[in-house]
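> kindly return the folded structure for what I paste below:
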Amino acid sequence: MGTTLPQLGRLSGAPAAASRGPRRRRRRRPPSRLQRLRWRLEALLVQLLLALLQGRRHGTMRRGIRIACGVAAPALAPRLQTANANLERVYDSQLSRAERQRLAARSLQSFFLSCLESIIQPVNPERITAEGEGLSELLATHQRGEALIVGSLHLGCWDLALRWLSERLDNLAVIYRPAHNPHADALLNAARSANSHCRWISQFDARGILQSLRDGCGLVVMTDLYSQRSPLQVDVLGLATRFATGPVSLSQKTGAPLFPVAHVRDDDGRFRLICGPALRPGQGPEALAAQAQALSRWHEGWIQAYAEQYYWINRRWRPGDGSGGRLRQLPPPAARALKP
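Residues are numbered from 1 along each chain as shown. As a prediction, this is how the structure comes out:
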């Protein structure tokens, strides 16, 4: 992970999902003297950015992000092109070019805001609403000391949702993708830890991930990351997609229920945390595929309702990976998401 604007998603420490389940990090050569110097300089820049952004208000950050995106437009163009391509692939001709461009720009700004919500001024708890048919079961499962998996996605305010959960679950851990720069990684972990009460487990720490579930932990993992190498294909937004099996494999291996969770910013300035019903694991590949499909279908409704807050800028469907087939035509996003 670097420190440039297009890579703020990695800097955010957003929960991660391994494409083939937990695995060990490959051994790397010791860094050169030049690399160590570069890491020190990058960490200094991260430290300055954290000091600059600490405690800023949401309104201030929104305005700053809009300005920054305008200034950095040439550097962000490839990301916006990817977002446009994803939107066209999902919605076909149902969205005009102007609507796709507007959605792409708004989702990019929303993503940057999500990345920074762990360090800017905390939101008044009265502005956060937690709901959903699975919420009481999730809290009860944790109170009994049983393991559970929170299936999050790159939509809206995931860091605010994590903060809310961490204040109610006393044994919570997050799978995240660590920065390549160990000095920057330490700074970012310290900043995140100051605003939430959870442990951070590297996605490469297979033993730590499994042990946390065996200890009755609540484990947060992103479930909308897809893998070109995955053998499991699932209907995602109407398209045949190679689904990262990590979260559902963990659920099946440990018996922990998987709770799908969405988190969005509402138009009235409030924040919503929505928890779906527990998806219980079964045995064998068919049960694995069914759980993954149920997870994807639950997420779909919230992506449709808040499409302007979804992370479209990631390349989700690649040519030649066997995931290009359209299984059904998705209706357009909710009208609120398409407002100018």
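
> so what's F259 up against?
When contacts are counted by C-beta atoms under 8 Å, 6 or more residues apart in numbering, F259 touches G134, E137, L138, L148, I149, V150, G151, C275, G276, P277, A278, L279. (Each C-beta comes from the backbone N, C-alpha and C, glycine too.)

> looking at these, spot the one nearest S227.
Of all the contacts of F259, G151 has the smallest distance to S227: 15.9 Å, by C-beta to C-beta.

> that closest one in helix, strand or coil?
When classified by DSSP: H, G, I helix; E, B strand; the rest coil, G151 comes out as strand.

> pretty sure it contacts L258?
Yes: between G151 and L258 there is a contact under C-beta atoms under 8 Å: 5.2 Å.

> kindly check the end-to-end length of stretch 84-98 for me.
Start and end residues of stretch 84-98 are separated by 10 Å (C-alpha to C-alpha, to the nearest Å).

> which SSE is P285 in?
P285 belongs to helix 284-305 when elements are defined using DSSP states H and E.

> cross the contacts of F259 against strands and list the overlap.
Mapping the contacts of F259 onto strands (DSSP state E) picks out L148, I149, V150, G151, C275.

> closest to T129 out of these?
Nearest member of those to T129, counting by C-beta to C-beta, is C275, at 11.6 Å.

> pLDDT score for that closest one?
For C275, the pLDDT comes out at 98.

> before we move on, what about R26?
R26 carries a pLDDT value of 56.

> likewise for the one 10 residues further on?
R36 is assigned 85 on the pLDDT scale.

> do A184 as well
Looking at A184, the pLDDT reads 83.

> one more: L5?
If you check L5, the pLDDT there is 25.

> neighbours of the spatially closest residue to A256 that is not a sequence neighbour, how many?
Closest residue to A256 apart from its sequence neighbours, by C-beta to C-beta, 6 or more residues apart in numbering: A147 at 4.1 Å. Number of residues near A147 (other C-beta atoms under 10 Å) recorded here: 21.

> still on that earlier bit, what does the helix holding P285 rub up against?
151, 153, 155, 223-224, 232, 234-237, 241, 243, 245, 247-249, 251-252, 258, 260, 262, 264, 274, 276, 279-282, 310, 330-331, 333-334, 336-337.

> from these, which would you call buried?
Buried subset of these (neighbour count, 16 or more other C-beta atoms under 10 Å): 151, 153, 155, 223-224, 232, 234-237, 241, 243, 245, 247-249, 251-252, 258, 260, 262, 264, 274, 276, 279, 281, 310, 330, 333, 337.

> among these, name the ones in helices.
The helices, defined by DSSP state H, take in P247, V248, S249, S251, Q252 from the buried ones among the contacts of helix 284-305.

> turn the residues you listed into CSV, including pLDDT and distance to S107.
Below are those laid out as CSV (pLDDT from 0 to 100; distance: C-beta to C-beta, whole Å):
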residue, pLDDT, distance to S107
P247, 92, 23
V248, 94, 26
S249, 93, 29
S251, 96, 28
Q252, 95, 32
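
> how about those in CSV, adding distance to L160?
What follows is those, written out as CSV (distance: C-beta to C-beta, whole Å):
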residue, distance to L160
P247, 21
V248, 26
S249, 28
S251, 25
Q252, 30
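
> list just the nearest of the residues you listed to G55.
Proximity of those to G55 (C-beta to C-beta) peaks at P247, which lies at 33.5 Å.

> now the strands for the chain?
Using DSSP E, the strands found in the chain span residues 128-131, 148-152, 172-176, 199-202, 218-222, 233-236, 239-242, 258-265, 271-275.

> right, and those - which one's nearest P182?
Ranking the strands of the chain by proximity to P182 (C-beta to C-beta) places strand 199-202 first, at 11.3 Å.

> what sits up against that closest one?
By C-beta under 8 Å, 6+ apart, the list of residues contacting strand 199-202 reads 13, 25, 172-178, 189, 192-193, 208-209, 212.

> hmm, 6 Å instead?
Strand 199-202 has contacts (C-beta atoms under 6 Å, 6 or more residues apart in numbering) with A173, V174, I175, Y176, P178, N189, G208, I209.

> weed out the non-buried ones from those residues.
Neighbour-count burial within the contacts of strand 199-202 applies to A173, V174, I175, Y176, P178, N189, I209; the criterion is 16+ other C-beta under 10 Å.

> hang on, the second one packs against V220?
Yes: in this structure, V174 is within contact of V220 by C-beta atoms under 6 Å, at 4.5 Å.

> so which bits of the helix holding P285 are buried?
Going by neighbour count (16+ other C-beta under 10 Å), the buried part of helix 284-305 is 288-296, 298-299, 302-305.

> and for stretch 252-271?
Going by neighbour count (16+ other C-beta under 10 Å), the buried part of stretch 252-271 is 252, 254, 256-265, 271.

> ok, stretch 180-189 next?
For stretch 180-189, the neighbour count (16+ other C-beta under 10 Å) marks N181, H183, A184, D185, L187, L188, N189 as buried.

> send the alpha carbons of it over as CSV?
Extracted as CSV, the C-alpha positions of stretch 180-189 are listed here (Å, rounded to 0.1, in the frame of the first residue of the first chain):
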residue,chain,number,x,y,z
HIS,A,180,3.5,-3.1,2.6
ASN,A,181,5.2,-0.3,4.6
PRO,A,182,5.3,-1.6,8.2
HIS,A,183,5.8,1.9,9.6
ALA,A,184,2.7,3.3,7.9
ASP,A,185,0.8,0.1,8.9
ALA,A,186,1.6,0.8,12.6
LEU,A,187,0.5,4.4,12.3
LEU,A,188,-2.8,3.5,10.7
ASN,A,189,-3.5,0.7,13.1
